[in-house]
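**Student:** have a look at this fold, sequence not included:
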């Protein structure tokens, strides 16, 4: 079998292969790697230090509260969907209650479990759960400018003892502020309803959308497993050729360019924060870092042909074929992504980490199209160009793919804000993208796969949180 690692020019004349390779001093690469390590280390220390010490950040606390609200809504939607579909069994009620109790453990959120239990198992079970929760004022009161302080603990006891009609307008207003769990409590009836309250109908439809999303992704994952097996067989028999990266283009200017990207990205992010420019839309101008890096590499002595070739900015075997390869590669990579997410969830459960991402807190404040633009267009163009483009090209000059891809993937995972526990999930995505770059040579396929991966996540996020 022939060695697929050397660069094989695409079938069409993108750029003529230049056999001469310019020599650069390794000092530039050493300085660049020092900058990269410092930059990545700064992220680990500043963003992940609270998790390493077992402390909570404000974002993580907000995420925990959102997770509690989502779990309550999911459980109620699941209950009423099973009830509507005629598949609800008594044992399933116990499993649903156990599910929400296991997921909602923070003292400040435990009262949210009570309305769920009341809806699924009845008022006696709700009162029993309420008795197990201490009612300190700091955890069970709600107050607004126009309302007196109301004890949610006592309001819930009223509802499950004497009915919703026994509550005062101020108490009902306090429950409205308590989020979805409060609305579930206000919809409680001790007898059979002739009509389904709107809140339960909406929850059922919401749960159905989530089921559809997971069903589609499950079907694609099965197809992906088949494609992955076929790909491995074709690769092992030599039928699948790897284009690789251009061997004639030096790697040092590109790692220098990547370190420049790290510095400029930090500077731009700090400037946005310093000027108090709220909203993720202000990240869009950071795409201008790409021409800065391109110009730097060209200034270092590389021709524009070499610059675009090494970054992967060419049409490969044709734009349409590269896009198709990106779609196929994403589907084939889904089993790997699922394995990565499974390991990440295991780590979260083992360590008690609280992974968070700023986008989740902004999802209701940002137009849906802006989320897709940032996640499925902006991020793939910027990150693929720099990680699977510049950094991957540099590392492939000094080591095989099996060594270069994990290093690029680890750095890619570390700079994301989800936390150390999510490195397996992010690393799995990055490995799939690195494999696509090696297979196609062009960066188009990794960009497409990256965009599809983020689009699937954003779609689920919008379903769950909008």
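**Tutor:** That came through, no problem. All values reported here derive from a predicted model rather than from experimental measurement. Residues are numbered from 1 along each chain as shown.
**Student:** least trustworthy helix or strand in the protein by mean pLDDT?
**Tutor:** helix 137-140 (a mean of 45; mean pLDDT, DSSP states H and E).
**Student:** so where do the strands sit in the protein?
**Tutor:** All strands of the chain, identified by DSSP state E, fall at 141-144, 147-151.
**Student:** would you single out the least confident of these?
**Tutor:** Note on the strands of the chain: lowest mean pLDDT is at strand 141-144, with a mean of 51.
**Student:** how far away from the center of its chain is the helix ranked longest in the chain?
**Tutor:** Using DSSP state H, we find that the single longest helix of the chain is helix 198-237. Distance, stretch centre to chain centre, for helix 198-237: 16 Å (Cα atoms, centre = their mean, to the nearest Å).
**Student:** helices or strands up against it?
**Tutor:** Other helices and strands packing on helix 198-237, by 3 or more Cβ pairs under 8 Å, 6 or more residues apart in numbering; DSSP states H and E, are helix 58-85, helix 180-186, helix 319-351, helix 444-465. Glycine gets a C-beta too; all of them are placed from N, C-alpha and C.
**Student:** comparing these by mean pLDDT, which bottoms out?
**Tutor:** Of all the helices and strands packed on helix 198-237, the minimum mean pLDDT falls on helix 58-85 (a mean of 79).
**Student:** and that helix, what's buried?
**Tutor:** The neighbour-count check on helix 58-85 (16 or more other Cβ atoms under 10 Å) flags 59-60, 63-69, 71-83 as buried.
**Student:** next one: stretch 126-135
**Tutor:** Using 16+ other Cβ under 10 Å as the test for burial, stretch 126-135 gives 126, 127, 129, 130, 133, 135.
**Student:** let me have those in CSV, adding pLDDT as columns.
**Tutor:** Listed next are those as CSV, based on pLDDT from 0 to 100:
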residue, pLDDT
126, 88
127, 89
129, 88
130, 88
133, 84
135, 65
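**Student:** closest one of those residues to residue 46?
**Tutor:** Set against residue 46, the nearest of the buried residues of stretch 126-135 by Cβ to Cβ is residue 133 (36.1 Å).
**Student:** just the pLDDT for the closest residue in space to that closest one that isn't next to it in sequence.
**Tutor:** Leaving aside its chain neighbours, residue 133 sits nearest to residue 110 (5.2 Å; criterion: Cβ to Cβ, 6 or more residues apart in numbering). As predicted, residue 110 sits at a pLDDT of 84.
**Student:** residues near residue 110, how many?
**Tutor:** 19 (other Cβ atoms under 10 Å).
**Student:** ok, it to residue 451 distance?
**Tutor:** Going from residue 110 to residue 451 by Cβ to Cβ, to the nearest Å gives 40 Å.
**Student:** now residue 246
**Tutor:** Distance from residue 246 to residue 451, by Cβ to Cβ: 24 Å.
**Student:** neighbour count: the two, which is higher?
**Tutor:** More crowded of residue 246 and residue 451, by other Cβ under 10 Å: residue 246, with 27 against 21.
**Student:** my read: that one touches residue 309, true?
**Tutor:** Yes - shown here, residue 246 and residue 309 form a contact pair, counting by Cβ atoms under 8 Å, at 5.0 Å.
**Student:** and the longest helix of the chain, what's buried?
**Tutor:** Applying 16+ other Cβ under 10 Å to helix 198-237 flags 199-200, 202-204, 206-207, 210, 217, 220-221, 224-225, 227-228, 231 as buried.
**Student:** perfect, I'm done here.
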